[in-house]
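>>> return a 3D structure for these sequence lines:
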Amino acid sequence: MLDYRHCTLCPRACGVDRTAGERGFCQMPDHILAARAALHYWEEPVISGSFGSGAVFFSGCTLRCAFCQNGVISQEGYGKPITPRRLREIFEELVEQGAACLDLVTPSHFTDAVLEALGEERWPVPVVWNCGGYESVETLKRLENRVQVYLPDLKYALTEPAKAYSGAADYPETAKAAILEMFRQTGPYRMENGLLKQGVLIRHLLLPGELENTRRVIDWVAESFRPGEVLFSLMSQYTPQESAEGSLARHVTRSEYRSAV
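Model prediction:
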């Protein structure tokens, strides 16, 4: 039975009754909204492989990133309502199409429905929890043995940019605790034939003018994990949005990226 009557799925813990039409920070109803489901070729190679990940892009988000490139989906509620039964059928169709994994993109606010769709059995490909890193440890604990690969962002190690750019001053400590829980569940990463079958792959998008934040992120990962325990993806593809101001109105420079590397 799905229960969104007192929603505390994400760290916002809005406590709204989504079954009564109340909307919390994510602005999502008590049923799934999904914007797209298809083979997706643009994740990290260890996730996409040769045939693509079986990606389901869920609507809504628990963050409000000023630089989000999918704002129509994450902030404007674009998507189609589907049932857990239909979501399971979509998973099965993606596996039949040769997907390297089931890539669940921003699924946290639909955790109950996603778990119902997955069922208790082990899928023939890894289930990937692809998220912004702003996760509740209690919600993550419900995913143990149901999710094989965690693909979280670690956007910030500093409070100031977290508050300014994503509306979440508590992001650094919240995301760090979440990633430690993810690693507790999966242990060191495991690869087979160039594909990630189990483990944690941490993503970080370098933001223009925020090199110190990136350094702090990298330091925390290095201090928290031994070599060979997690994978790390340092991304340089920041793209200014139309409303961007200040340093966010420009691209990352080659010098900034070289310094981060």
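>>> mind checking what helix or strand follows the helix or strand of the chain with the lowest mean pLDDT in sequence?
Lowest on mean pLDDT, DSSP states H and E among the helices and strands of the chain sits helix 71-74, with a mean of 92. Sequence order places strand 80-82 as the next helix or strand after helix 71-74, per DSSP states H and E.
>>> got a list of contacts for that following strand?
Applying Cβ atoms under 8 Å, 6 or more residues apart in numbering, the contact partners of strand 80-82 are 29, 31-35, 90. Quick note: C-beta positions are derived from backbone N, CA and C, even for glycine.
>>> how far out from the middle of the chain is the top helix by length along the chain?
Longest helix in the chain, counting residues (DSSP state H): helix 171-186. Centre-to-centre, helix 171-186 and its host chain are 12 Å apart (Cα atoms, centre = their mean, to the nearest Å).
>>> now do stretch 103-118
11 Å.
>>> any idea of the mean pLDDT for the longest strand anywhere in the chain?
When the chain is parsed with DSSP state E, its longest strand is strand 195-205. For strand 195-205, the mean pLDDT works out to 98.
>>> any idea which residue sits dead centre in the protein?
Geometric centre of the chain, nearest residue: Cys131, 0.8 Å, by Cα atoms, centre = their mean.
>>> OK, contacts around that one?
Contacts of Cys131 (Cβ under 8 Å, 6+ apart): 106-108, 150-153.
>>> can you do 6 Å?
108, 152 (Cβ atoms under 6 Å, 6 or more residues apart in numbering).
>>> return the set of residues that bridge with it.
Pro152 (DSSP bridges).
>>> quick one: pLDDT of it?
Value listed for Cys131 in the pLDDT field: 98.
>>> please apply the same query to Tyr4.
85.
>>> where does pLDDT dip in this protein?
1-3 (pLDDT under 70).
>>> where do the strands of it begin and end?
So, for the chain - with DSSP E - the strands run 32-40, 53-58, 80-82, 102-105, 127-131, 149-152, 190-192, 195-205, 231-235.
>>> now the ones you listed as a markdown table including distance to Gly24?
What follows is the strands of the chain, written out as a markdown table (distance: least, Cβ to Cβ, whole Å):
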| stretch | distance to Gly24 |
| --- | --- |
| strand 32-40 | 14 |
| strand 53-58 | 15 |
| strand 80-82 | 18 |
| strand 102-105 | 20 |
| strand 127-131 | 17 |
| strand 149-152 | 21 |
| strand 190-192 | 36 |
| strand 195-205 | 25 |
| strand 231-235 | 29 |
